[in-house]
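>>> the amino acid sequence is not available; the structure is as follows:
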């Protein structure tokens with residue numbers, strides 16, 4: 001399944017949310033149920049182009065760029081703004097601004113952690129009816145360091161952005177760093193790179209996010225989401241890459257014990273499945289189709 005279908009195309013929008021300009025793509029008819037697709041730590045909303053294009057005939061899709069990523073504004077106070085609490089407030093602000101009372105949520109990695117916090121917060125838990133977590137857990141289990149190692153791997157490349165002379169060089173870097181995503185076709189990598197690169201003042205090419213987003217890891221309390229998890233009332237689907245180093249199997253199994261949720265494992269992939277194949281998209285379509293009982 002390659003590229004965006006001709007059936008649907010997105011609108012690009014910029015709105016000021018909580019004092020910051022937020023970019024997002026909007027797909028489908030606003031009269032249909034809303035699906036919010038929220039990306040991972042260094043990524044942006046364009047990662048969901050293929051998924052959104054296939055859902056847009058039946059749903060209204062929002063794919064935001066978190067502040068400091070993509071085309072959204074960078075913070076002048078990164079020490080305080082780049083944290084999950086602020087990202088959740090950003091999500092609530094966006095839903096309020098667009099007058100969306102309830103949505104289905106697809107969150108990859110960081111986007112899933114934002115969804116857990118939002119769905120598990122007492123005053124906002126009804127904002128999410130269906131919660132899909134793409135390769136992200138609620139936190140470490142005592143005496144288990146596997147997921148911490150995965151986070152360390154991500155931290156190792158977030159704060160120091162590589163710079164290249166050409167887009168092709170950046171694409172080759174992305175192929176190495178994101179090899180576990182499951183992108184296979186050259187056009188997929190071309191789109192992935194084009195949607196996540198920028199030129200710097202010296203003319204070089206680098207990823208299109210603020211390196212200071214790494215400061216969010218100063219907020220270590222953000223990594224433990226078990227209290228939020230226990231409070232969630234939404235329908236839940238866990239999607240896990242079979243070889244993920246961020247979402248270990250024992251964490252997923254513990255999450256299933258404390259909640260009425262189902263899990264789907266994507267063979268041979270790690271952190272995090274790109275949600276770009278027919279099989280992966282069908283899993284999501286089947287899950288969000290049914291109303292919450």
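Good, I have the coordinates. What you are looking at is a predicted structure, and each value in this text was computed from that prediction instead of being measured. Numbering: from 1, shown residues only.
>>> show me what contacts the closest residue to residue 258 other than its chain neighbours?
Closest residue to residue 258 apart from its sequence neighbours, by C-beta to C-beta, 6 or more residues apart in numbering: residue 230 at 6.0 Å. Using the backbone N, CA and C atoms, a C-beta is placed for each residue, glycine as well. Going by C-beta atoms under 8 Å, 6 or more residues apart in numbering, residue 230 touches 120, 258-259.
>>> what of residue 210?
Taking C-beta under 8 Å, 6+ apart as the definition, contacts of residue 210 comprise 68-69, 74-75, 78, 82.
>>> of the contacts of residue 230, which is the nearest to residue 283?
Residue 283 lies nearest to residue 259 out of those, by C-beta to C-beta, at 17.9 Å.
>>> for that closest one, list the residues it contacts.
Applying C-beta under 8 Å, 6+ apart, the residues contacting residue 259 are 229-230, 232, 236.
>>> which of the contacts of residue 210 sit farthest apart?
Farthest pair in the contacts of residue 210, by C-beta to C-beta: 69 and 78, 12.4 Å.
>>> can you show me the helices along this protein?
Along the chain, the stretches classed as helices by DSSP state H are 49-55, 78-81, 84-97, 110-119, 146-158, 167-177, 186-194, 226-231, 249-258, 278-289.
>>> a markdown table for the ones you listed, including distance to residue 266 and mean pLDDT?
Formatted as a markdown table, the helices of the chain follow (distance: least, C-beta to C-beta, whole Å; pLDDT from 0 to 100):
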| stretch | distance to residue 266 | mean pLDDT |
| --- | --- | --- |
| helix 49-55 | 14 | 97 |
| helix 78-81 | 33 | 95 |
| helix 84-97 | 25 | 97 |
| helix 110-119 | 14 | 97 |
| helix 146-158 | 16 | 69 |
| helix 167-177 | 19 | 96 |
| helix 186-194 | 16 | 97 |
| helix 226-231 | 21 | 95 |
| helix 249-258 | 12 | 92 |
| helix 278-289 | 7 | 97 |
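>>> mind listing the shared neighbours of residue 69 and residue 78?
Common neighbours of residue 69 and residue 78 (C-beta under 8 Å, 6+ apart) are 210, 213.
>>> which one's more surrounded, the two?
Using other C-beta atoms under 10 Å, the more surrounded residue of residue 69 and residue 78 is residue 69, with 24 against 18.
>>> surely that one meets residue 42?
Yes - in this structure residue 69 lies within contact range of residue 42 using C-beta atoms under 8 Å: 7.1 Å.
>>> overlap in contacts of the two?
Common neighbours of residue 69 and residue 42 (C-beta under 8 Å, 6+ apart) are 209, 213.
>>> and the contacts of residue 259, which are buried?
229, 232, 236 (16 or more other C-beta atoms under 10 Å).
>>> quick one: which of those is nearest residue 282?
Checking the buried ones among the contacts of residue 259 one by one against residue 282 (C-beta to C-beta), the nearest turns out to be residue 236, at 18.0 Å.
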